[in-house]
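Enquirer: need a 3D model of the following:
(chains A and B)
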Amino acid sequence: MSARERRLGALCATPITLFLALGFLVPLLVVAAFSTMPLKVFDLAHVPDFTAFAEVVRQGYWKSLAWSLGMAALSTLILFVICWPLAWAMVHVFTRFTLVITVLVVVTLIVSENIRLFGWSLTLMKGGMIEGMLRSWTGYGFDGLLYNVPVIVFGLVYVYFPFMLFPLVQGIAMVPGDARHAAADLGATPRQVLTEIELPLASPGIMVGGLLSFVLAAGAVAESKLLGGQAVIVISDDVETAFTYGQNWPLGAALAIVLIVVVGSLALYALARLDLDTVMGRGER
Amino acid sequence: MSAAPILRIERLTKRYGDFTALHGIDLEVADGEFLTIVGPSGSGKTTLIKLLVGMEEQSDGAIWLREKRLDRMPANRRPTCMVFQSLALFPHRSVGENIAFPLKIRGEGRAAREARARELLDLLHLPQDYHDKRIDACSGGERQRIALARALAFDPQILFFDEPLSALDYRLRKTLEKELKALHERTGKTFVYITHSLEEAMVMSDRIAILRNGRFEQIGTAHEIYARPRNRFVARFMGDVNLFELSGGAQGPTRVAGLDIDAGVLASLDAEVREHDTVMVRPERLRLLAPDARAEFVTDGRIAASYLLGSRRQYEIDAPDGSTLVLEAAADAPGSQKLEPGRQVRIGFDRRDVHFIAEHAA
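Expert: Sure thing, here's the model as predicted:
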């Protein structure tokens, strides 16, 4: 990269840098400052105090964190299994239909996530569409399908579907067709073509999709609240409670910092192994 | 070469909707032969290679590998292998892993794979330390050799090539053409090579098959096709050529358009005119005649242009009847000097320089 290109790049990146500094970095620092604020002081100019972090450990908030990370991991895995065949077909099988699917999936993003989840809530609740219909036809009812862990995972899969699908499409499109044909020509079975050629060559797309779904799902709160009821408490729920009902800002901030550090280091680890230029199709050949 | 063909294509037809890419073609390839299928773009050569490696299915006909139907085997079970135009190397694998890929697929152990990959590096004149090199750190010529090594690791009964040299610069291509020919001799494998470049075909192949509009125009050795083309298309396809119309028989006295012909030779053409309608002479068989020199076929002309082709010089000569003749002479012949455009010349050739073509009898 020449000095001229670097200058031009820096210039183009200035607006977004300023925006991210103000809108992302500053709040993050404020949260970090809150997390080390002594209890009941409410003053940003203070000697750092780590009692809030001690409380996080002592009061067993790790359980919420584990639920969040566990459900995020499970939903990411399910998303991958669901989206891979569809993404593969969107690249290799469907022609005009690919555009239809793309539009349909994007359209769901126009409606707010909470409204869509309420829709599911009305569908799955006791007396809702499914249970209510069954009861009116057969006379037998049940407790509805809400308020358990599987339904939360279902909600996560449902909401973050596009965030896995599109990166996978991009990743699969990056696999050169000739590489697949050549592998088959050299004797590889379809399964071997998948494991030896397609998965490794699509891995940038898999990483991006996995990262997006996992990070978003780990911080998600609406699914567990609207569909899960109080079946389990997720970490974002704890953060919210600490800031609002609990009025314990240091604790809320400390919980947020823990989540950010865990998820952030996972993301950085993955991004470090990923060449974004390749994903954007500008990698060196 | 054994007598029984290793590959036999029988009335192979491929249609795409209304368009017929291959019109029931037949071809036999002998065991150990280097056969090149040459054709301009749109001739059907890409379709043919796709059928041969199983990327597409034919509409009609059959492909036999000795006594077995090759076309009925799925692509990954065919004991043949192809070197792709794009080479299709695997960018996420090292050079050694690329070469040993077919062995990994067969489940061979790490040690056996590495040993074979290193043997093939030697065979293809690649340095041993390339085993762990990244593909994108290799040059174009090196990638060619890696792709070849990978195909040989598969140990195919027939090796197909889909224009693998077309992306390379001229000098590297020339080098690799000769390497490929040498490799063919060393391995004794059957090579079926597809290209649009006649030059490539002539340098490397035992036989050449010329494909045009989904049909073979002619199949034979390079020399056969060059010296005795079956029709005008092949004659022109194989390089610069002078074609003269031969007429006579029922239409009147025998004549060759634009030429004065020795009386004795003219009488002997009466027999040819019954079966042929074209007289072909290659540019190197035309001679510039001194004022008192004689030839069996003679015409006047005016130099229109001249080009130096290294050791030879090519002249374009306007004939009195409006046609343009092509003549090639050694550029450094003693006493020869370049003829300037505009100069009047006499040119001629003899009966033994001529090949007769039956364009409409075929």
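Enquirer: so residue A:236 is in contact with residue A:223, correct?
Expert: No. Using C-beta atoms under 8 Å, residue A:236 is not in contact with residue A:223; the gap is 10.2 Å. In this view, the C-beta of every residue, glycine as well, is placed from N, C-alpha and C.
Enquirer: can you pull up the most central residue in chain B?
Expert: residue B:201 (3.2 Å; C-alpha atoms, centre = their mean).
Enquirer: same question for stretch B:53-70, mean pLDDT?
Expert: Averaging pLDDT along stretch B:53-70 gives 93.
Enquirer: just the CA trace of it, in PDB.
Expert: The C-alpha coordinates for stretch B:53-70 follow below in PDB (Å, rounded to 0.1, in the frame of the first residue of the first chain):
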ATOM      1  CA  VAL B  53     -14.700 -36.500 -17.400                       C
ATOM      2  CA  GLY B  54     -18.300 -36.900 -16.400                       C
ATOM      3  CA  MET B  55     -19.300 -33.300 -15.700                       C
ATOM      4  CA  GLU B  56     -22.100 -33.700 -18.200                       C
ATOM      5  CA  GLU B  57     -24.200 -36.500 -19.700                       C
ATOM      6  CA  GLN B  58     -24.400 -37.200 -23.400                       C
ATOM      7  CA  SER B  59     -27.700 -37.200 -25.300                       C
ATOM      8  CA  ASP B  60     -26.700 -40.300 -27.400                       C
ATOM      9  CA  GLY B  61     -23.800 -42.600 -28.100                       C
ATOM     10  CA  ALA B  62     -21.300 -44.200 -25.800                       C
ATOM     11  CA  ILE B  63     -17.800 -43.800 -24.400                       C
ATOM     12  CA  TRP B  64     -15.800 -47.000 -23.900                       C
ATOM     13  CA  LEU B  65     -12.800 -47.400 -21.700                       C
ATOM     14  CA  ARG B  66     -11.500 -50.700 -23.100                       C
ATOM     15  CA  GLU B  67     -14.500 -53.000 -22.500                       C
ATOM     16  CA  LYS B  68     -16.200 -50.800 -20.000                       C
ATOM     17  CA  ARG B  69     -18.700 -48.000 -20.500                       C
ATOM     18  CA  LEU B  70     -16.900 -44.900 -19.200                       C
END
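Enquirer: in chain B, which residue sits nearest chain A?
Expert: Ranked by C-beta to the nearest C-beta, the top residue of chain B for proximity to chain A is residue B:88, at 3.6 Å.
Enquirer: can I take it that that residue is in a strand?
Expert: No. Under DSSP: H, G, I helix; E, B strand; the rest coil, residue B:88 falls outside any strand and is assigned coil.
Enquirer: residue contacts, it?
Expert: Residues near residue B:88 by C-beta atoms under 8 Å, 6 or more residues apart in numbering or on different chains: A:176, A:178, A:179, A:181, A:182, B:147.
Enquirer: from these, list just the buried residues.
Expert: Among these, those buried by neighbour count (16 or more other C-beta atoms under 10 Å in any protein chain shown) are A:176, A:178, A:179, A:181, A:182, B:147.
Enquirer: pick out whichever of residue A:236 and residue A:223 has more residues nearby.
Expert: When neighbours are counted by other C-beta atoms under 10 Å in any protein chain shown, residue A:236 and residue A:223 differ, and residue A:223 comes out ahead with 25 against 20.
Enquirer: what's in contact with the host helix or strand of residue B:50?
Expert: According to DSSP states H and E, residue B:50 maps onto helix B:45-53. Helix B:45-53 is contacted by residues A:181, A:185, B:12, B:14, B:21-22, B:25, B:37-39, B:56-58, B:63, B:70-71, B:75, B:78, B:80, B:82, B:160, B:162, B:192, B:194-196, B:211, B:214 when judged by C-beta under 8 Å, 6+ apart.
Enquirer: contacts for stretch A:264-273, please.
Expert: With C-beta under 8 Å, 6+ apart, stretch A:264-273 has contacts from A:207, A:210, A:211, A:214, A:215.
Enquirer: name the member of the residues you listed that has the highest neighbour count.
Expert: Neighbour max across the contacts of stretch A:264-273 (other C-beta under 10 Å) = residue A:214, 25 neighbours.
Enquirer: what does chain A have sitting close to chain B?
Expert: Listed as neighbours of chain B in chain A under the rule C-beta under 8 Å from any C-beta of the partner chain: A:176, A:178-179, A:181-190, A:192, A:196-197, A:200-201, A:284-285.
Enquirer: one more time with 10 Å, if that's ok
Expert: A:176-190, A:192-193, A:196-197, A:200-201, A:203, A:278, A:283-285 (C-beta under 10 Å from any C-beta of the partner chain).
Enquirer: just the buried residues of these.
Expert: Using 16+ other C-beta under 10 Å, the buried ones in those are A:176, A:178-188, A:192-193, A:196-197, A:201, A:203, A:278.
Enquirer: where exactly do the strands run in the stretch 151-300 of chain B?
Expert: For the stretch 151-300 of chain B, strands defined by DSSP state E, counting those that start in this stretch occupy the ranges B:158-162, B:190-195, B:207-212, B:215-220, B:242-247, B:255-256, B:260-261, B:278-281, B:287-289, B:297-309.
Enquirer: so what does the third one touch, helix or strand wise?
Expert: Packing partners of strand B:207-212 (3 or more C-beta pairs under 10 Å, 6 or more residues apart in numbering or on different chains; DSSP states H and E): strand B:19-30, strand B:34-38, helix B:45-53, strand B:190-195, helix B:198-204, strand B:215-220, helix B:222-227, helix B:232-237.
Enquirer: can I get the last one as CSV, trimmed to CA atoms?
Expert: Below are the C-alpha coordinates for helix B:232-237, written out as CSV (Å, rounded to 0.1, in the frame of the first residue of the first chain):
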residue,chain,number,x,y,z
ARG,B,232,-10.4,-26.4,-47.5
PHE,B,233,-11.2,-25.7,-43.8
VAL,B,234,-8.5,-28.1,-42.6
ALA,B,235,-6.1,-26.8,-45.2
ARG,B,236,-6.6,-23.2,-44.0
PHE,B,237,-6.8,-24.3,-40.3
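Enquirer: so what touches it?
Expert: B:38-40, B:198, B:208, B:210, B:212-213, B:217-218, B:220, B:225-226, B:228-229, B:231, B:241-243, B:277-278, B:280, B:282, B:355, B:357, B:359 (C-beta atoms under 10 Å, 6 or more residues apart in numbering or on different chains).
Enquirer: having no further points to raise, I will conclude here.
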